[in-house]
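K.L.:
Pasting the sequence and the predicted coordinates here, then a few questions.
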Amino acid sequence: MSTKTYLFLLSLIAGCHLLQAQTVEPLTLDDVTPGGRTYWSHQPSTPMICGIIGDGVVTYDKEGLKLVDKSGRETDLLTLQEWSQIDDTPVMALPWLTVYGKGEYLSRTTERGIDFIGLKSKSVAKHFAYDTKRWQHLHVAPGASYIVLSDGETMALLESGAAEPRELVSDSSHDIVYGMPAARNEFGTESGIFFSPSGRYFAFYRIDQSEVTDYPIVRIHRPIAESDPLKYPMAGQGSQHTTVGIYDTADGSIRYLATGEPRDRYFTNLSWAPDEKSLYIDEVKRSQDECNLVEYSVESGRAVRTVLTERNERYIEPLEPIAFTGDGKAFVRSTRIDGYRHLYLYRTRDGKLIRQLTKGEWEVKSLYGISPDDRYAYFIGNEGYPMGQALYRVALASGKMTAITPERGWHSCSLSADYTTAYDLFSSKDTAAEARIIDLGKKAIRSHLLKKCEVPSDLSHRPEVRLGTIKSADGVTDLYYKMTLPATLEEGKKYPTIVYVYGGPHAQLVTDSWRSLRYNWDNYMAEQGYIVFTVDGRGSNNRGMAFESIIHRRLGKAEMEDQMEGVKFLSSLPYVDTDRLGVYGWSFGGFMTTNLMLTHGDTFKVGVAGGPVIDWAFYEIMYGERYMDTPQENPEGYAAARLSDRAKDLRGRLLLIHGGVDPVVVWQNSQTFLNACIAARTYPDYMIYPDHEHNVLGPDRVHLNNVISRYFDDFLK
């Protein structure tokens, strides 16, 4: 081959590669936004899981359900033809079904109620018909023996085949609410109904909101807009008074626990003793610096004893109910008493500590429970890698811990009710998705790969994602960051950079997971010529009590210091244009964005603050008083974080966005800031989503991302 021919072929090959690179379609906002028309076409296609049972994993497609056993072998569980016979009508596709309990039933919700289909009989075993528009909160008793319904005020019981639900109380109202989560879903409270193991009893919340002021939420879809008042307990004001009742299905009686005074305590993490003779409750003082685990007699409703007490001068936040051994003689508790959330084994009869099960400078993130043989407690934790999480088990007898999913990255796991099978969906920066079924054997743990989603072929032409650490403002603590950059950085060019921030408790933005790093809004903006940077500073989640609680009584101080350490790091990079820095965040991140724009207006030129807290005195008691105490107890802290007082300091371009019916950060926050800006002759921009609550979800989220992206294009690029 001649030299000319060789060079020609080489240039042809290079040209083909260039052409291939040029034909990669740029990402659109529909591609990267949940709710976008093409969003799911850019996400890994993982198995659709209906449930996990002891025999394996139940998968769904429109042709039927299959059982995938622990070796990966598939068998038909329910075919389309069998479903047509059950439904008594020919169907083209199977509806969505969910495995219930230990696998004895499949459940199907319809506009008319809920059905339970026997897996063995292949017929409708139980049918519950009710008005689904009214009764929007559904709780299924063990064995699907009955269901409890709530409409946001009252509660009702419905037995299979009954004509209609039977209301259980007569004094429900806007002020008196039954069967709903208390404390505005704080302390891990996701339900207001708590079934006993057999289902004979269920405990419930009765929430007296009469001392909580009605907050006006306005609905605009009639010629004269209507007020839809919301009970919103603002910091330092009247709170909910919650009591706990127990309903006995054997005789239809209700007994209320004699919880006593003070009435504004929080009752959370309700847990039934295995013998159903006692109910255990975490009782948290309104000041949230003390928590008592109290045992109550189901028969008398009286307190039997205080099992244990925890105190912390900053705050205590119990998040999970205790988990009992089968005989009820011991229980496992998740707590931060040593500075990190860990598991402890206690003796039930006297609350004596038997042993600490997990320890170290890492956190147990969630406790699944204890295996039926009482050998292991199963949990999710982040040992050795705060950006990831994995499934573990720890032996109750010895404290020996085993990592069930040791791969470094992000494991989302579900377990069967008998703790013999786990389903693991794993991803990381470089792994799109791997779905595995795990046999949780007593001696050996075996894993079988169900599906591996290959990394998209266009990834090498997409933005670069980097993970790393910087030091916090204290000079000692490691902070984790992620940075998304254009796929190719032009030599000598400096790029506008956006800091995406949250900064507060209950959130961790920097995770080694595919969806948090790939084919998202950060990637879209990087393709538009931006760098997007996020750092989880002190105050954020899953790093221990000292790391999180540094913010106590002074929200915004340490968090902002650490964000500015991120800016220092960005300033050290030759490709970051420090004259074109922007900042964007939502909720607590909206508070941080506004604060950064007011405090460091010489650094940040453009900001977008969504659903921003402007004055913590306008925020709810349960969250706000935990971190700030009351306005009466901490006037200096509230004043320092009241951003409307500093409206005169706004120099750059700031876009505020708010949901018109936001029940979390009420609209008053951003409106107050606008009033202050008018008085100060400063000029923020403003966008309202009239029908949306705290987050803009669904297809409208594409519109939101367009507004945000365009704002940065107009004023930062």
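P.N.:
In hand now; what should we look at? Numbers count the residues shown, from 1 in each chain.
K.L.:
what does the average pLDDT come to for stretch 99-109?
P.N.:
Mean pLDDT, stretch 99-109: 91.
K.L.:
To clarify, my last question referred to stretch 337-351.
P.N.:
98.
K.L.:
And stretch 315-322, by the same measure?
P.N.:
Rounded mean pLDDT across stretch 315-322 is 97.
K.L.:
Could you number the chain from 20 rather than 1 from now on?
P.N.:
With 20 as the first residue, the last one maps to stretch 334-341.
K.L.:
Which parts of it count as buried, going by neighbours?
P.N.:
For stretch 334-341, burial by neighbour count (16 or more other C-beta atoms under 10 Å) applies to 334, 335, 336, 337, 338, 339, 340, 341. For the C-beta atoms, the positions are set from N, CA and C on the backbone; glycine is no exception.
K.L.:
Return the closest of the residues you listed with respect to residue 538.
P.N.:
residue 338 (31.3 Å; C-beta to C-beta).
K.L.:
Check whether residue 639 really touches residue 255, as I assumed.
P.N.:
No: Residue 639 is beyond contact range of residue 255, at 11.1 Å (criterion: C-beta atoms under 8 Å).
K.L.:
Between the two, which is the more surrounded one?
P.N.:
residue 639 (22 against 18; other C-beta atoms under 10 Å).
K.L.:
and the more buried one, what is it in contact with?
P.N.:
203, 251, 252, 253, 254, 683 (C-beta atoms under 8 Å, 6 or more residues apart in numbering).
K.L.:
and the third one, what are its phi and psi?
P.N.:
Here is the backbone geometry of residue 252 (degrees, to the nearest 10): phi -80, psi 100.
K.L.:
Check the buried residues of stretch 334-341 against residue 693 and report the nearest one.
P.N.:
Using C-beta to C-beta, those come closest to residue 693 at residue 334, 32.2 Å.
K.L.:
gap between that closest one and residue 604?
P.N.:
23 Å (C-beta to C-beta, to the nearest Å).
K.L.:
Residue 436 now?
P.N.:
On the measure of C-beta to C-beta, residue 436 and residue 604 end up 40 Å apart.
K.L.:
Could you do residue 217 as well?
P.N.:
Taking C-beta to C-beta, one finds residue 217 at 47 Å from residue 604.
K.L.:
and if you look at residue 280?
P.N.:
Relative to residue 604, residue 280 is positioned 41 Å away (criterion: C-beta to C-beta).
K.L.:
So between the two, which is more surrounded?
P.N.:
Between residue 280 and residue 604, counting by other C-beta under 10 Å, residue 604 is the more crowded of the two (28 against 6).
K.L.:
Can you list the low-confidence ranges for the stretch 20-169 of the chain?
P.N.:
20-42 (pLDDT under 70).
K.L.:
Start from the N-terminal end of it and give the strands.
P.N.:
67-72, 75-80, 83-88, 93-98, 117-119, 124-129, 132-137, 142-148, 156-159, 165-169 (DSSP state E, counting those that start in this stretch).
K.L.:
Then the stretch 620-736 of the chain?
P.N.:
Ranges of strands in the stretch 620-736 of the chain, per DSSP E, counting those that start in this stretch, are 625-629, 672-678, 704-708.
K.L.:
Would you list the strands that the second one pairs with, along with their directions?
P.N.:
It refers to strand 672-678. strand 625-629 (parallel), strand 704-708 (parallel) (DSSP bridges).
K.L.:
Same list, the ones you listed, but as JSON lines with distance to residue 355, mean pLDDT and mean neighbour count please.
P.N.:
Formatted as JSON lines, the strands paired with strand 672-678 follow (distance: least, C-beta to C-beta, whole Å; pLDDT from 0 to 100; neighbours: other C-beta atoms under 10 Å):
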{"stretch": "strand 625-629", "distance to residue 355": "30", "mean pLDDT": "99", "mean neighbour count": "28"}
{"stretch": "strand 704-708", "distance to residue 355": "37", "mean pLDDT": "99", "mean neighbour count": "16"}
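K.L.:
Tell me which of those lies nearest to residue 316.
P.N.:
Smallest distance to residue 316 across the strands paired with strand 672-678 (C-beta to C-beta): 48.2 Å, for strand 625-629.
K.L.:
Only C-alpha atoms, please: export that closest one in PDB.
P.N.:
Extracted in PDB, the C-alpha atoms of strand 625-629 (Å, rounded to 0.1, in the frame of the first residue of the first chain):
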ATOM      1  CA  VAL A 625     -27.500  35.200  38.200                       C
ATOM      2  CA  GLY A 626     -29.700  33.200  40.500                       C
ATOM      3  CA  VAL A 627     -32.800  31.100  40.300                       C
ATOM      4  CA  ALA A 628     -34.600  30.400  43.600                       C
ATOM      5  CA  GLY A 629     -37.500  27.900  43.500                       C
END
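K.L.:
Any stretches of this protein with poor pLDDT?
P.N.:
20-42.
K.L.:
Let me know how buried residue 659 is, in neighbour terms.
P.N.:
17.
K.L.:
can you check residue 370 too?
P.N.:
Number of residues near residue 370 (other C-beta under 10 Å) recorded here: 16.
K.L.:
Break the chain down into its domains, please.
P.N.:
Per automatic domain parsing, the domain ranges recorded for the chain read 192-337, 480-734.
K.L.:
In the protein, what residue spans correspond to helices?
P.N.:
Under the criterion DSSP state H, the chain carries helices at the ranges 22-41, 48-51, 99-106, 533-536, 540-546, 564-568, 576-590, 607-618, 640-647, 654-659, 687-699, 719-734.
K.L.:
Now distance to residue 157 too, for those, in a markdown table please.
P.N.:
Shown next, in a markdown table, are those (distance: least, C-beta to C-beta, whole Å):
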| stretch | distance to residue 157 |
| --- | --- |
| helix 22-41 | 51 |
| helix 48-51 | 33 |
| helix 99-106 | 21 |
| helix 533-536 | 29 |
| helix 540-546 | 34 |
| helix 564-568 | 34 |
| helix 576-590 | 39 |
| helix 607-618 | 31 |
| helix 640-647 | 25 |
| helix 654-659 | 40 |
| helix 687-699 | 33 |
| helix 719-734 | 27 |
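K.L.:
Count residues in the vicinity of the nearest residue to residue 121 once chain neighbours are set aside, would you?
P.N.:
Excluding its sequence neighbours, the residue lying closest to residue 121 (C-beta to C-beta, 6 or more residues apart in numbering) is residue 436, at 4.8 Å. Residues lying near residue 436 (other C-beta under 10 Å) number 17.
K.L.:
out of the helices of the chain, which comes closest to residue 363?
P.N.:
Among the helices of the chain, the nearest to residue 363 by C-beta to C-beta is helix 564-568 (15.0 Å).
K.L.:
List the buried residues of the closest one.
P.N.:
564, 566, 567, 568.
K.L.:
Residue 720: which of these is nearest?
P.N.:
residue 567 (28.8 Å).
K.L.:
Quick check: that closest one touching residue 525?
P.N.:
No: counting by C-beta under 8 Å, residue 567 does not reach residue 525; the two are 9.2 Å apart.
K.L.:
which neighbours do these two share?
P.N.:
residue 560.
K.L.:
Please convert the strands of the stretch 620-736 of the chain to a markdown table, extending it with distance to residue 654.
P.N.:
Shown next, in a markdown table, are the strands of the stretch 620-736 of the chain (distance: least, C-beta to C-beta, whole Å):
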| stretch | distance to residue 654 |
| --- | --- |
| strand 625-629 | 25 |
| strand 672-678 | 26 |
| strand 704-708 | 29 |
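K.L.:
of all those strands, which lies closest to residue 228?
P.N.:
strand 672-678 (22.4 Å).
K.L.:
and for that closest one, what are the contacting residues?
P.N.:
Contact with strand 672-678 is made by 609, 612-613, 616, 624-631, 684, 686, 688-689, 692-693, 703-708, 711-715, 723, 726-727, 730, 734, as judged by C-beta under 8 Å, 6+ apart.
K.L.:
Stretch 220-228 now?
P.N.:
By C-beta under 8 Å, 6+ apart, stretch 220-228 touches 158, 160, 167, 174, 188, 193-201, 211-215, 250, 252, 259-268, 275, 286, 289, 291, 295, 298, 317.
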